[in-house]
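# Predicted structure and sequence below. I'll ask about it afterward.
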Amino acid sequence: MTDSSKSEFLNMQTIMDKFECQIIELNAFAEAGPNSEKNAQCFADSILKRLPEQMTEPSVNIYGAHRVALNFTPAGWNRVDLYFYVGKEKMDDVQINYTGNTNENDTVTIAEMEARAALRIPPSLDNIVEGVPIVTPITFIGGKAKVTTDSYPYLDYLRATLVKNPDLSAHIRGHVCCGPNFRISNARAKTVYKYLIKHGISKTRLSYKGYSNNEPVVWPEKTNDDRKSNRRVDIIFKKTTGGNEIIL
């Protein structure tokens, strides 16, 4: 592992210590050659043994010299790409500081935080982590790409976040539960994309794609809550100016 990759892996571990996380997918590649697949497997094993023991093992794809479409230009192909879900912040104390729509020094109990979630008050995006999918509370009418009424506050909040941070772009990802359906997942991501453009966000800062049911947050889906968790739209933010984009 290169020094820069070690640094990024440490950053990822810091995120995992602070938030409830789940590795969703690991894709391993290698430069073309007679041992490409073997080398890619070694790269994958090197990463897997570094993951926390209590973490569910992700879906692992050993691509070797096979190239797949990416939404970024890789610096090289001796690489492992990790895609992971970041959930709510871990709360060990009875009280925490909440910096959403309150004063920075306000103290909010866990019960109050749960009440806010029940009322669908948009979560704070003040501490965005680049390249990490942020799951949104945007929901849709069953089997359709039309958002539910109570999703509009978060759509507005998402727009305000992009206005407030003009150096950020957003990749909107649609997901479904239960079975493959790229059409619906893509249509749901496009709904969010079109809403943002309609309300003043330049389409040059946005992209969207449907991922069907290929990246579940919960697997296997045993309950309605499991399925609800997998029916989602998440957002990957990245800087549009300055520096090099780094994706694990």
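Yep, it's here. Fair warning: this is a prediction, and the values are worked out from it, not measured in the lab. Residues are numbered from 1 along each chain as shown.

# roughly how far apart are the closest residue to residue 197 other than its chain neighbours and residue 4?
Excluding its sequence neighbours, the residue lying closest to residue 197 (Cβ to Cβ, 6 or more residues apart in numbering) is residue 203, at 5.1 Å. Heads up, the C-betas are built off the backbone N, CA and C, glycines and all. Using Cβ to Cβ, to the nearest Å, we find residue 203 at a distance of 32 Å from residue 4.

# cool, residue 196 as well?
Taking Cβ to Cβ, one finds residue 196 at 32 Å from residue 4.

# Looking at those two, which one has more neighbours?
A count of neighbours by other Cβ atoms under 10 Å puts residue 196 above the other of residue 196 and residue 4, at 21 against 11.

# who's in contact with that one?
Listed by Cβ atoms under 8 Å, 6 or more residues apart in numbering, the contact set of residue 196 reads 155, 158-159, 162, 170, 206.

# Would you map out the domains in this structure?
With domains defined by automatic domain parsing, the chain comprises 3-89, 91-121, 122-239.

# any chance you could map the helices in the protein?
3-18, 36-48, 110-118, 152-164, 182-198, 224-230 (DSSP state H).

# and of those helices, who's closest to residue 140?
helix 182-198 (5.6 Å; Cβ to Cβ).

# buried residues in that closest one?
184-193, 195-196 (16 or more other Cβ atoms under 10 Å).

# do you know how far residue 240 is from residue 167?
Applying Cβ to Cβ, the value for residue 240 to residue 167 is 6 Å.

# Looking at these two, which is more packed in?
Neighbour comparison, residue 240 and residue 167: the larger count goes to residue 240, with 14 against 11 (by other Cβ under 10 Å).

# thought that one was touching residue 202?
No: using Cβ atoms under 8 Å, residue 240 is not in contact with residue 202; the gap is 10.2 Å.

# pLDDT weak spots in the chain?
52-58, 70-72, 85-129, 142, 241-248 (pLDDT under 70).
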